[in-house]
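A.B. asks: no sequence on this one, just coordinates:
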């Protein structure tokens with residue numbers, strides 16, 4: 001699917017550029033890293049749709065990168081395709097057991113790698129309906145509606161269910177103003193036992209947790225609230 005973001009992690013420049021060239025021609029947005037540490041940082045900051053990961057890396061190797069990403073609730077669902085040298089059967093097994101989705105051995109055909117990536121992303125879309133609309137990115141703030149997670153500058157923000165639902169609703173309708181009654185109805189239905197006054201309390205708590213993004217929740221005097229355009 002054109003426009004999806006793929007992170008390529010490889011310390012061999014010629015291989016990295018080869019993969020980058022072929023995937024870019026397929027319409028993907030490409031990010032690159034040459035170390036495991038860089039890869040983990042980029043994944044948390046940019047949330048790519050898939051990672052192509054060489055197992056032999058300086059510093060943190062590919063298996064450790066896989067372990068770090070798969071044990072984190074924010075990144076565990078991002079597919080990983082391992083790139084391995086021939087004869088590394090034990091590493092392949094270890095990577096798959098850690099949660100990697102597929103592997104390809106060097107030397108490899110760029111067309112085969114592209115086909116495998118395309119197949120994984122197609123399966124992912126079918127498995128997670130709305131996957132590519134579930135994520136809302138606002139600068140350095142990411143809202144994941146499926147996992148009920150908000151991440152700001154790589155840090156997971158601890159929100160209550162009501163805070164998350166309110167933020168997600170306003171962000172989806174960015175720029176539009178809603179009364180307190182409309183917000184109550186939208187996030188929990190007409191019969192939910194939350195008063196209009198409760199919305200004010202939730203907003204106060206939400207703003208404290210959003211830190212530098214608190215100003216995006218704007219009060220419109222005499223009306224209600226909106227998620228301000230950046």
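C.D. replies: Ah, there it is. Here the structure is a predicted model, which means the values were calculated and not measured.
A.B. asks: contacts, neighbours, all on C-alpha from now
C.D. replies: Will do.
A.B. asks: give me the element residue 219 is part of.
C.D. replies: Per DSSP states H and E, residue 219 falls inside strand 217-220.
A.B. asks: what strands flank that strand, and is each parallel or antiparallel?
C.D. replies: Strand 217-220 pairs in its sheet with strand 224-227 (antiparallel), by DSSP bridges.
A.B. asks: okay, and the beta partners of the nearest residue to residue 78 once chain neighbours are set aside?
C.D. replies: Counting by C-alpha to C-alpha, 6 or more residues apart in numbering, residue 50 is the residue found nearest to residue 78 once chain neighbours are left out, at 5.6 Å. Beta-bridge pairing for residue 50 (DSSP bridges): residue 6.
A.B. asks: residue 50 and residue 82, how far apart?
C.D. replies: 11 Å (C-alpha to C-alpha, to the nearest Å).
A.B. asks: more neighbours, these two?
C.D. replies: residue 82 (24 against 21; other C-alpha atoms under 10 Å).
A.B. asks: got a list of what that one touches?
C.D. replies: Shown in contact with residue 82 (C-alpha atoms under 8 Å, 6 or more residues apart in numbering): 52, 53, 54, 55, 62, 92, 95, 100, 101, 102, 103, 104.
A.B. asks: quick one: name whatever helix or strand follows the helix or strand of the chain with the lowest mean pLDDT.
C.D. replies: Scoring the helices and strands of the chain by mean pLDDT, DSSP states H and E places helix 131-134 at the bottom, with a mean of 52. Going down the chain from helix 131-134, the next helix or strand is strand 135-138, by DSSP H and E.
A.B. asks: strands paired with that next one, and their directions?
C.D. replies: By DSSP bridges, strand 135-138 pairs with strand 141-144 (antiparallel).
A.B. asks: can you list the strands that the helix or strand following the strand it pairs with pairs with?
C.D. replies: Sequence order places strand 149-152 as the next helix or strand after strand 141-144, per DSSP H and E. Using DSSP bridges, strand 149-152 pairs in its sheet with strand 141-144 (antiparallel), strand 155-157 (antiparallel).
A.B. asks: mind listing what's buried in the next helix or strand after the shortest one?
C.D. replies: Past strand 155-157, further along toward the C-terminus, the next helix or strand under DSSP H and E is helix 161-172. Within helix 161-172, the residues scored as buried using 16 or more other C-alpha atoms under 10 Å are 162, 163, 164, 165, 166, 167, 168, 169, 170, 171.
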